[in-house]
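1. just need the structure, nothing else, for what follows:
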Amino acid sequence: MLFKLVLKPEAEQELHKALDWYDSKNPNSFQKRYKTFRISFTNRFQYEIHYTLDNDVIFVQAILHKSQKLPK
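-> Numbering: from 1, shown residues only. So this is what the prediction gives:
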């Protein structure tokens, strides 16, 4: 079943603030693992975002729960 999403104006403003905050983070600040892979750990949830950088493009390779292993 699909749901319709309705954002109140205040919620939309908060969403834009959150996006601006994430945009201000430097993807180079996360340490390299697995040669060129970098990992960003989420604070609230037990997930890791595995990604690589190529010039100004971020390639998300995997989003895993911390108990999972990176697929080969």
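
2. I'd guess residue 15 is in a strand, am I close?
-> No: counting by DSSP: H, G, I helix; E, B strand; the rest coil, residue 15 is not found in a strand; it is helix.

3. report the distance from the helix or strand of the chain with the lowest mean pLDDT to the chain centre.
-> Lowest by mean pLDDT, DSSP states H and E among the helices and strands of the chain is strand 32-33, with a mean of 72. Offset of strand 32-33 from its chain centre (CA atoms, centre = their mean, to the nearest Å): 16 Å.

4. so what's the residue count around residue 37?
-> Using other CB atoms under 10 Å, residue 37 has 17 other residues around it. Heads up, the C-betas are built off the backbone N, CA and C, glycines and all.

5. name the nearest residue to it, ignoring sequence neighbours.
-> Distances taken as CB to CB, 6 or more residues apart in numbering place residue 50 nearest to residue 37, at 5.5 Å, with adjacent residues excluded.

6. next, the one you found: secondary structure please.
-> When classified by three-state DSSP, residue 50 comes out as strand.

7. count of residues packed around it?
-> Residue 50 - counted by other CB under 10 Å - has 18 other residues nearby.

8. tell me how far it lies from residue 43.
-> Noted for residue 50: a distance of 17 Å to residue 43, by CB to CB, to the nearest Å.

9. low pLDDT regions in this protein?
-> Scanning the chain for pLDDT under 70 picks out 19, 22-23, 25, 27-30, 68-72.

10. how about the helices in it?
-> Counting by DSSP state H, the chain has helices at residues 9-23.

11. residue nearest the centroid of it?
-> residue 49 (5.5 Å; CA atoms, centre = their mean).

12. name the residues linked to that one by a beta bridge.
-> Assessed by DSSP bridges, residue 49 has beta-bridge partners residue 40, residue 63.

13. verify the stated contact: residue 60 with residue 48.
-> No: with contacts counted by CB atoms under 8 Å, residue 60 stays clear of residue 48, the gap being 11.0 Å.

14. quick one, which of those two is more surrounded?
-> Using other CB under 10 Å, the more surrounded residue of residue 60 and residue 48 is residue 48, with 18 against 10.

15. the more buried one and residue 24, how far apart?
-> Going from residue 48 to residue 24 by CB to CB gives 21 Å.
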